[in-house]
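In: Let me see the structure of the following:
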Amino acid sequence: MKKLTLGIFILIFIFSSCNSDKVRESLMPNVTGKAGEVVVVIENAYWEGAIGDTLKTYFLQPQIGLPQAEPLVDLVNIPSVAFTDIFKTHRNIIYTYISSSVKKPEVLIKRDFHAKPQLYINIEAPDKESFMELLMANREKILAAVLKIERERIISTYNKYPERGLKNHLMKTHDLTVTMPKGYRLRIDSTDFVWYSYETQLTS
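Out: Residues are numbered from 1 along each chain as shown. Below you'll find the predicted structure:
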């Protein structure tokens, strides 16, 4: 009987926890900010020094394959004192903390911390030197996490508002599945070549 009671209690606890997580997620605000934008919470002295230079060099490297030079992401830096509620819902946040109170240098990557779908990366170390070592060792992982969630957001938007006629046409005629957003039109469709385009009006 005691085992049965314990089992029921555990099940109730698990279901309550799951429901609690769902409620929390439903009440969480949506992310803010522009696509490809990353808020870096860092003190000005570090942003203007070697740490900031490393972040800029790595994250602002040009995107491959574009006709004009554009960075992989856009960085917006603010000091911790300015990191108020208006910034906490931003889509991508890198929060840096350098203090002697930090016992162990670490990088923590979290999802949906203050908003959804949010990427929140916490980087902390006891001093500037150990922070630089940590950043250099994890810079590829950090950038990859940002680029991954940006792709996920784009794919999610495309899947919500697809151009269904084109998707069905491509499946029927070429046995391919490609999701395209609203606004794209079929221009050319031959045996081994298909051209879809999204035409925008010219502006002066």
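In: tell me the centre residue of this protein?
Out: I149 (3.5 Å; C-alpha atoms, centre = their mean).
In: quick one: secondary structure of that residue?
Out: For I149, the assignment made with DSSP: H, G, I helix; E, B strand; the rest coil gives helix.
In: Can you get me a residue count around the nearest residue to it once chain neighbours are set aside?
Out: Leaving aside its chain neighbours, I149 sits nearest to L119 (4.6 Å; criterion: C-beta to C-beta, 6 or more residues apart in numbering). C-betas here are computed from N, CA, C, even on glycine. For L119, the neighbour count with other C-beta atoms under 10 Å is 24.
In: mind checking which helix or strand E152 is in?
Out: Assigned by DSSP states H and E, E152 belongs to helix 128-160.
In: Which elements pack onto that helix?
Out: If contacts are counted by 3 or more C-beta pairs under 8 Å, 6 or more residues apart in numbering; DSSP states H and E, helix 128-160 sits against helix 50-59, strand 92-98, strand 106-111, strand 119-125.
In: quick one: which of these is nearest M136?
Out: Closest approach to M136 among the helices and strands packed on helix 128-160 is made by helix 50-59 (7.0 Å; C-beta to C-beta).
In: Please list the outside residues in contact with the closest one.
Out: With contacts defined as C-beta atoms under 8 Å, 6 or more residues apart in numbering, helix 50-59 is touched by 38, 40, 42, 46-47, 71-73, 75, 77, 94, 96, 128, 131-132, 135-136, 139, 143, 146.
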